[in-house]
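Participant: just to be clear, the model below is a prediction. Sequence and coordinates:
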There are 2 protein chains.
Amino acid sequence: MTGEDDDFEAVVAAIGDRIDPGDRERQRMREAVAALTERAEEAIADLPVSGDVIQVGSTARGTWISGDRDIDLFVRFPADADREELESYGLRVGHAVLPEGREEYAEHPYVTGEYDGFDVDLVPCYRLDSATDIRSAVDRTPFHNEYLDERIDADLAGEVRLFKQFLKGIGAYGSDLRTRGFSGYLTELLVLEYGGFRETVEAAADDWHPPVRFDPENHGQAEFDDPLVVIDPTDPERNVAAVCAPENVARLQHYARELLERPREDLFFPDPTDPLSADEVRDHVRARGTTPVALRFDAPDVVEDQLYPQLRKSVSGVREELDRRGFDALRAATFADESAVLFVELAVAERPAVERHEGPPVHVRQHAEGFYGKYADERSSSGPATASQDADDSGDSETAARSGPPYGPFIDGDRYVVERDREFETAAAFLESDDIFDVALGVHVESALADGYDLLVGEEVGELAAEFGAELAEFFDPEP
Amino acid sequence: MTGEDDDFEAVVAAIGDRIDPGDRERQRMREAVAALTERAEEAIADLPVSGDVIQVGSTARGTWISGDRDIDLFVRFPADADREELESYGLRVGHAVLPEGREEYAEHPYVTGEYDGFDVDLVPCYRLDSATDIRSAVDRTPFHNEYLDERIDADLAGEVRLFKQFLKGIGAYGSDLRTRGFSGYLTELLVLEYGGFRETVEAAADDWHPPVRFDPENHGQAEFDDPLVVIDPTDPERNVAAVCAPENVARLQHYARELLERPREDLFFPDPTDPLSADEVRDHVRARGTTPVALRFDAPDVVEDQLYPQLRKSVSGVREELDRRGFDALRAATFADESAVLFVELAVAERPAVERHEGPPVHVRQHAEGFYGKYADERSSSGPATASQDADDSGDSETAARSGPPYGPFIDGDRYVVERDREFETAAAFLESDDIFDVALGVHVESALADGYDLLVGEEVGELAAEFGAELAEFFDPEP
């Protein structure tokens, strides 16, 4: 064993001490689950259908990180129950188990509440013969649980916890649509595949050349266009890693190498990012010489799994439109808390009053004559482009439309070309206009923008630091 | 005949009156050619080899425009004369014919001088059996002359004159490398093909869809990549229109339509362009909101056929490099007189202090680690990009290099990316630097720039109006 190996093992042992649930925590968990299960079984006995209760999730498999307090109980009903029955029976059991609980809605309604300090979800689902028969995503969970339960022993559970904590530390844990990282199930399958935490990070550091494909049950047929493909052992049609973004695969590879080269605990438990102050944001903008623009509006009141995809779609749409109009986006980001922000950092602050507009080849007579005639008429109706009528408004040339006659038509190569008034000389002028609504925006973002938004340009984005100082720190001091 | 037809014929008749050489002019031309030919034949008789004299060019074929005073006499020597002999005999005859003449050099040396108000060239060449045997371009001329002489009668000569004058009027006449238009020979071949001026412009207006190909002798084999291909009747390997730029083909098509639609004399004899004043140039720059940049230097002392290709190559090189560096050229031009100018009108005045630089995919371990290590080292040696060390030099941020640490490396998609210092934040900073000499420049342009140049930026280009007011008028009020 080299010194680095020693270091690695020492770091892993220290992390293990921090994240492995102790005997007392396990005991309390067991007792809570037993009590909740008993309550659920009693409630099921009162129903006109049969049903059973199973515990699922990381707390069922011993792979939870110490301090996690989530208990997931699924109540399975016969496959021939109709959906309305299932929902009403499920809620009845839920309220019986968690009298103080409240109803929430994912694909079905379910009941969530507290019990003895634990956060408990009580979710109805169907009892099916195969995961390929599922009617909604929750029906799949018992199959996942069963598959892992048979294969993950106490030792391997410890390895899973290390990998989970590592992914949390580097910001790549979670299959929610904000993170687009590694789900708990995926984490467990990978550790199962490689046999341990260290083996997993060594493989990621060295051997992964996306697309990386695993098929533990060797039953996959479909092709997937994702950087990481792990065929679900319980469903050959499904890529468990479908949600995992290329950035998070690359991030794992980067930090896996870091960990192996220079093992240290702060990769698992990094210091929180220091938020930037407004002045620091403005300093960055000045030093970079860019023109950031930000649209800030009230965050739409939808769950994060709806919000972030919509924000991403919206900021991509805005970015592409600004690119198309010549403002040359360097980077973009989106932030959300009380307000939501579409943030695009531009390399080009201002475009000229004119833009090149290519016409048809001169030899395509009908089109060519139409094009020439149109612009020659525009020109002769306002005289040639002598510029004198516009030259004196240079004071506010950033936003004022020139609206002079076109330059040309002239010939370039075999085509007519004109230089006509550009619609928007600055990104701000575009972002203030109604044309912003022609961009492909997320539906709730679009309606939120329609209710009103603030436009911040250049150093004005410093104002965002009060709400989004940490996000701006990540933007202006970016790390892998 | 419609009214337009009447108008067309009336215009053509009026132009004919202006450009057809009168009897007196023809008589004087004939007398001058006879006297010069006699002198040349006498001089040849004194040589130890045989030779003959032929008149070539438009004045030989009656296709010259009234007022042209060019007489071209070729002295043909036997094909077995060696080149040095040919040159020395040629010059001897030349000086005998034009005692006041001076030697010039194209492919061979020749003698040029005046006689009775005419500009006379006396050029030696070989007498060959076929134009495909030629040793230099001048050997081809007698074949062209012979071909046309047999086919162009007095009526057709008048049609050729009309087409020539029309091409002159629209700026498309001449196979010199400044104009890159229609040569005299090409003009005559086209009129021969169509049978008249009107038929030629009607075809150009309506029927031409480049590439347009003619092969009067139906003997061409080679493929040409030119918009207009006219296989030389005396040489199947040669495109007579090789030098003709796409712009000039399109220009002919455009003005042919103009002439047919609204026949008028000013298409043949346009008013000269009014030069712009310095103030008018500045007004245009302000109204267009662009950033023109101009390099002005002493015009290299080479003939126009060398100068213009070099200027064009140079301005293309500069334009492409400025594009590559993000300054987004809208148009470019080059002017030459006493001084020469490379002129590029930019849409983007200034780029940020930083530029995006993409590294390898993270999974390509060796490259990826090299890239990450390099930039992470740069960063840690100067601390993270806090910007504070640079924020206070905003006063002259247009030209000051930031030279701060890089931002990143961070991950985008599956790659490492850094934002590092941009080399030049303005086009001016680049054009003032020695990097300008890394651009592909014409050889004489490069040495002229090395001797020194002025850089004019933005409204400063108004200074060019004193020398290039007409060229700037064409630039800022462009026409087909």
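Facilitator: Structure received. Residues are numbered from 1 along each chain as shown, chains lettered A, B, ... in the order given.
Participant: alpha carbons only for contacts and neighbour counts from here, please
Facilitator: Will do.
Participant: distance of the residue most central in space within chain A from chain B?
Facilitator: Nearest residue to the geometric centre of chain A (C-alpha atoms, centre = their mean): residue A:178, 3.1 Å. The span separating residue A:178 from chain B equals 16 Å under the rule C-alpha to the nearest C-alpha, to the nearest Å.
Participant: quick check: that residue is in a helix.
Facilitator: No. Looking at residue A:178 with DSSP: H, G, I helix; E, B strand; the rest coil, it is coil, so not inside a helix.
Participant: name all residues that make contact with it.
Facilitator: Neighbouring residues of residue A:178 by C-alpha atoms under 8 Å, 6 or more residues apart in numbering or on different chains: A:304, A:305, A:308, A:309.
Participant: how about a cut-off of 10 Å?
Facilitator: A:304, A:305, A:306, A:307, A:308, A:309, A:311, A:312 (C-alpha atoms under 10 Å, 6 or more residues apart in numbering or on different chains).
Participant: the third one contacts residue A:313, correct?
Facilitator: No. Contact criterion C-alpha atoms under 10 Å: residue A:306 and residue A:313 do not qualify, at 11.1 Å.
Participant: overlap in contacts of those two?
Facilitator: residue A:442.
Participant: just to revisit the earlier point, with the contacts of residue A:178 in mind, which one is nearest to chain B?
Facilitator: residue A:312 (14.4 Å; C-alpha to the nearest C-alpha).
Participant: what is the burial count for that closest one?
Facilitator: The tally of other residues near residue A:312 (other C-alpha atoms under 10 Å in any protein chain shown) stands at 19.
Participant: now do the SS call for it.
Facilitator: helix.
Participant: residues touching it, list them.
Facilitator: Counted by C-alpha under 10 Å, 6+ apart, residue A:312 has contacts A:178, A:318, A:332, A:333, A:334, A:335, A:342, A:441, A:442.
Participant: again, only using 7 Å
Facilitator: residue A:334 (C-alpha atoms under 7 Å, 6 or more residues apart in numbering or on different chains).
Participant: gap between it and residue A:334?
Facilitator: Here residue A:312 is placed at a distance of 7 Å from residue A:334 (C-alpha to C-alpha, to the nearest Å).
Participant: repeat that for residue A:309.
Facilitator: Distance, residue A:309 to residue A:334, using C-alpha to C-alpha: 10 Å.
Participant: could you check which of those two has the larger neighbour count?
Facilitator: Comparing residue A:309 with residue A:334 by neighbour count (other C-alpha under 10 Å), the higher total belongs to residue A:334, at 20 against 14.
Participant: next one: phi and psi at that one?
Facilitator: The phi and psi values for residue A:334, taken as degrees, to the nearest 10, are phi -140, psi 140.
Participant: that one touches residue A:341, doesn't it?
Facilitator: Yes. Using C-alpha atoms under 7 Å, residue A:334 makes contact with residue A:341 at a distance of 5.4 Å.
Participant: report the residue spans of the stretch 351-480 of chain A with pLDDT below the cut-off.
Facilitator: Applying pLDDT under 70 to the stretch 351-480 of chain A flags residues A:383-403.
Participant: can you give me the neighbour number for residue A:414?
Facilitator: Other residues close to residue A:414 by other C-alpha under 10 Å number 22.
Participant: thought it was touching residue B:250?
Facilitator: Yes. The pair residue A:414 / residue B:250 is scored as a contact, 5.4 Å apart, by C-alpha under 7 Å.
Participant: need the helices for the stretch 101-250 of chain A, in chain order.
Facilitator: Here the stretch 101-250 of chain A has its helices, by DSSP state H, counting those that start in this stretch, at A:141-149, A:154-169, A:184-194, A:197-206, A:246-261.
Participant: so which of these gets nearest chain B?
Facilitator: Of all the helices of the stretch 101-250 of chain A, helix A:246-261 sits nearest to chain B, with 5.0 Å by C-alpha to the nearest C-alpha.
Participant: how far out from the middle of the chain is the closest one?
Facilitator: Mean-position distance between helix A:246-261 and its chain equals 18 Å (C-alpha atoms, centre = their mean, to the nearest Å).
Participant: so which elements touch it?
Facilitator: Contact partners of helix A:246-261 among helices and strands, from 3 or more C-alpha pairs under 7 Å, 6 or more residues apart in numbering or on different chains; DSSP states H and E: helix A:197-206.
Participant: so which elements touch the helix it packs on?
Facilitator: Checked by 3+ C-alpha pairs under 7 Å, 6+ apart, helix A:197-206 has helix A:154-169, helix A:184-194, helix A:246-261 packed alongside it.
Participant: could you dump those to JSON lines with mean pLDDT?
Facilitator: Formatted as JSON lines, the helices and strands packed on helix A:197-206 follow (pLDDT from 0 to 100):
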{"stretch": "helix A:154-169", "mean pLDDT": "97"}
{"stretch": "helix A:184-194", "mean pLDDT": "97"}
{"stretch": "helix A:246-261", "mean pLDDT": "97"}
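Participant: would CSV of those helices with mean neighbour count be doable?
Facilitator: Below are those laid out as CSV (neighbours: other C-alpha atoms under 10 Å in any protein chain shown):
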stretch, mean neighbour count
helix A:154-169, 22
helix A:184-194, 20
helix A:246-261, 22
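Participant: shaky segments in the stretch 201-350 of chain A?
Facilitator: Filtered on pLDDT under 70, the stretch 201-350 of chain A yields no residues whatsoever.
Participant: what distance do you get for the closest residue to chain B within it to residue A:428?
Facilitator: Ranked by C-alpha to the nearest C-alpha, the top residue of the stretch 201-350 of chain A for proximity to chain B is residue A:289, at 4.3 Å. For residue A:289, the distance to residue A:428 (C-alpha to C-alpha) stands at 17 Å.
Participant: the two: which has the busier surroundings?
Facilitator: residue A:289 (25 against 21).
Participant: rewinding a little: OK, contacts around the residue of the stretch 201-350 of chain A closest to chain B?
Facilitator: So residue A:289 contacts B:352, B:353 (C-alpha under 7 Å, 6+ apart).
Participant: repeat that with 8 Å
Facilitator: So residue A:289 contacts A:347, B:351, B:352, B:353, B:354, B:397 (C-alpha under 8 Å, 6+ apart).
Participant: one more: residue A:130?
Facilitator: Applying C-alpha under 8 Å, 6+ apart, the residues contacting residue A:130 are A:143, A:234.
Participant: go on, residue A:242?
Facilitator: Applying C-alpha under 8 Å, 6+ apart, the residues contacting residue A:242 are A:226, A:228, A:229.
Participant: not counting its neighbours along the chain, what's nearest the last one?
Facilitator: Pointing back at residue A:229 there. Distances taken as C-alpha to C-alpha, 6 or more residues apart in numbering or on different chains put residue A:213 closest to residue A:229, at 4.6 Å, once the chain neighbours are dropped.
Participant: can you count the residues close to residue A:198?
Facilitator: Counted with other C-alpha under 10 Å, residue A:198 comes out at 20.
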